[in-house]
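K.L.:
pasting the sequence and the predicted coordinates here, then a few questions.
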Amino acid sequence: MKTYTYYPGCSIKGTAKSYEASLLQVFEALELKLEELPDWNCCGATFYMSVDEITSFVLSSRNLALSETLGRDIVTPCSACYLTLLKTKDYIQKYPEIREKVDAALTAANLTYSGTVRVRHPLEVLYNDVGLEAIRNRTRLPLRAFKVAPYYGCQIVRPFQEFDDATYPETMDHLFHVLGAEVIDYPVKTRCCGGSLTGTIADVGLRLNYILLKEALERGANCIATVCPLCQFNLEVYQKKIIKQHKELAEIPILYFTQLLGLAFGIEAKDLGLKQHIVSAQELVQSLHHVQPMV
Amino acid sequence: MQILRKVKYENELNPEFTSWLSTIPGGERVRECMQCGTCSSICPVSIYMDITPRRLMAMADSGFKDDVLQSFTIWLCASCYACTVNCPKDIKITDIMYGLKRRAIEEKVLPRRRFAIPILARSFVNMVKKNGRITESRLVMTLALKIGLLHLLRMAPLGWSLMRAGRLSLKKEQVQNKEQIKTMLKAVEA
């Protein structure tokens, strides 16, 4: 059984618990083990970099250093954590003055980091390590009634990753295709959801999410799939508010990509955290049992 | 009629700012900007900005320090890196925006009082310094209290729906080895 070091990040332990539930279930179903990084700390997200960049790198390097002692790839489902870890690695390597400061801080805390840890997102692990064929073989209930708009958001594909295109990625599209779902061509798939702008400059944040919802609905999607806790939060939690302002919109469930995989694998909806959603996906879930399972 | 001059005279510009700009990690290539406007056209929030990213690059590089630091633009940047990956001159615009935010916080020049974005960033940083991790519910509460009660009231229905869905936990998230975090932060300040 292949084992990875699992770095959840703060959102996964907070508002995005259903992401964690579905991620762990799906990995287990594929016989992959996620072992939580002991005593991990916050990556600093986008906020730390706007206040104190060096400290942000220092904080992330602690996670990298802790992870390095375990000698495995580090897997993180949150786009912000993923980007921050990759950026930290990159900057430590490129800027000697950053490396020096990070090393000094690590040494003071009896830690070392040599730069060998490979940082990965579960989407990439599933795509490259498991592969589409194995995922097709594991599928029990094909997602025939699902018309999915694959929404990647920004930070998972930009600018340090090397597994997919930065503006028109397709790994998630291929994944849903083998699950039997109809994949909607979604040209805004990497357009930013605004991150924390929904909470700070609401007019701007809500408008960005309105565009994402409208585009998905207009193209006939009946659900949107996400890879990031913040994207999921923005699209789902503010959805009622957005619909109130834009009556032409209808409710649309926003699911983690791991929940779609889990459903197709035949895992119970409640074990995938689907009960924690504000916009219910019940209709879609029920549809699974009305269609012929794949032989 | 009074004639207002909109463009600065050369002696009103700040050359120190120009040279500082190129020291931001990721800001090395700002001089290379050829003003193509790709950044502004791809930016999902540029329509709300007072100075578009293309213009901001030119102004920052020319030393329009006050105008740049006081702009709304730097705070609107949501760090989606679309400009960065599309810039034909490989200018790391997002990183420059971060650098400008840091400088604006340092010099205490903000678009207005009680401006939510830097307040949120500060609260976030303080929570990480203290606990090593973020508790989302507590962060939102801190922000609301600092911005004003009206904001808190506006957030209430949202909090309620999260609570009902079982997604709001008030339990404090923290690392065990807080001493280690403290030691590292201290070392970096030294």
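P.N.:
That came through, no problem. Residues are numbered from 1 along each chain as shown, chains lettered A, B, ... in the order given.
K.L.:
spatially, which residue comes closest to A:Ala104, not counting chain neighbours?
P.N.:
Excluding its sequence neighbours, the residue lying closest to A:Ala104 (CB to CB, 6 or more residues apart in numbering or on different chains) is B:Ala187, at 5.5 Å. In this view, the C-beta of every residue, glycine as well, is placed from N, C-alpha and C.
K.L.:
tell me the mean pLDDT over stretch B:6-23?
P.N.:
The pLDDT scores in stretch B:6-23 average 90.
K.L.:
coming back round to it: the residue nearest to A:Ala104: which element?
P.N.:
helix B:178-189 (DSSP states H and E).
K.L.:
how about residues contacting that helix?
P.N.:
Residues outside helix B:178-189 that contact it (CB atoms under 8 Å, 6 or more residues apart in numbering or on different chains) are A:41, A:54-55, A:58-59, A:62, A:101, A:104-111, B:129, B:131-132, B:175.
K.L.:
quick one, which of these are buried?
P.N.:
Buried residues within those, counting neighbours by 16 or more other CB atoms under 10 Å in any protein chain shown: A:41, A:54-55, A:58-59, A:62, A:101, A:105-106, A:108-109, A:111, B:129, B:131-132, B:175.
K.L.:
who in the stretch 101-250 of chain A is up against chain B?
P.N.:
Within the stretch 101-250 of chain A, the positions near chain B by CB under 8 Å from any CB of the partner chain are A:101, A:104-111, A:154-155, A:158-159, A:166-167, A:190-192, A:194-197, A:199-201, A:204, A:208, A:237-238, A:240-241.
K.L.:
need the buried ones from those selected in ChimeraX.
P.N.:
Of these, the buried ones go into a single ChimeraX selection, burial set by 16+ other CB under 10 Å:
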select /A:101,105,106,108,109,111,154,155,158,159,166,167,190,191,192,194,195,196,197,199,200,201,204,208,237,238,241
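K.L.:
now do the helices in the stretch 51-200 of chain A.
P.N.:
Assignment of helices within the stretch 51-200 of chain A using DSSP state H, counting those that start in this stretch yields the ranges A:53-68, A:79-94, A:96-108, A:122-125, A:132-138, A:171-178, A:197-200.
K.L.:
got TSV for these, with distance to A:His246 and mean pLDDT too?
P.N.:
Formatted as TSV, these follow (distance: least, CB to CB, whole Å; pLDDT from 0 to 100):
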stretch	distance to A:His246	mean pLDDT
helix A:53-68	36	96
helix A:79-94	26	96
helix A:96-108	44	96
helix A:122-125	30	97
helix A:132-138	36	97
helix A:171-178	26	98
helix A:197-200	15	90
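K.L.:
now these as a markdown table including distance to B:Leu13?
P.N.:
Below are these laid out as a markdown table (distance: least, CB to CB, whole Å):
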| stretch | distance to B:Leu13 |
| --- | --- |
| helix A:53-68 | 26 |
| helix A:79-94 | 30 |
| helix A:96-108 | 27 |
| helix A:122-125 | 46 |
| helix A:132-138 | 56 |
| helix A:171-178 | 47 |
| helix A:197-200 | 31 |
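K.L.:
please report phi then psi for A:Ala225.
P.N.:
For A:Ala225, the backbone dihedrals (degrees, to the nearest 10) come out as phi -100, psi 140.
K.L.:
and what of A:Glu162?
P.N.:
When read as degrees, to the nearest 10, the backbone of A:Glu162 gives phi -130, psi 20.
K.L.:
for it, give its distance to chain B.
P.N.:
Computed as CB to the nearest CB, to the nearest Å, the A:Glu162 to chain B distance reads 12 Å.
K.L.:
next one, pLDDT for that residue please.
P.N.:
What the model reports as pLDDT for A:Glu162 is 88.
K.L.:
what of A:Val291?
P.N.:
The model reports A:Val291 with a pLDDT of 58.
K.L.:
go on, the one 3 residues further on?
P.N.:
A:Met294 is assigned 54 on the pLDDT scale.
K.L.:
so how far is the helix or strand hosting B:Ala104 off the chain centroid?
P.N.:
Using DSSP H and E, B:Ala104 maps to helix B:93-106. Here the centre of helix B:93-106 is set off from its chain's centre by 6 Å, with CA atoms, centre = their mean, to the nearest Å.
K.L.:
packing partners for it?
P.N.:
Counting contacts by 3 or more CB pairs under 8 Å, 6 or more residues apart in numbering or on different chains; DSSP states H and E, helix B:93-106 packs against helix A:45-51, helix A:53-68, helix B:15-21, helix B:53-62, helix B:65-69, helix B:73-76, helix B:82-86, helix B:116-131.
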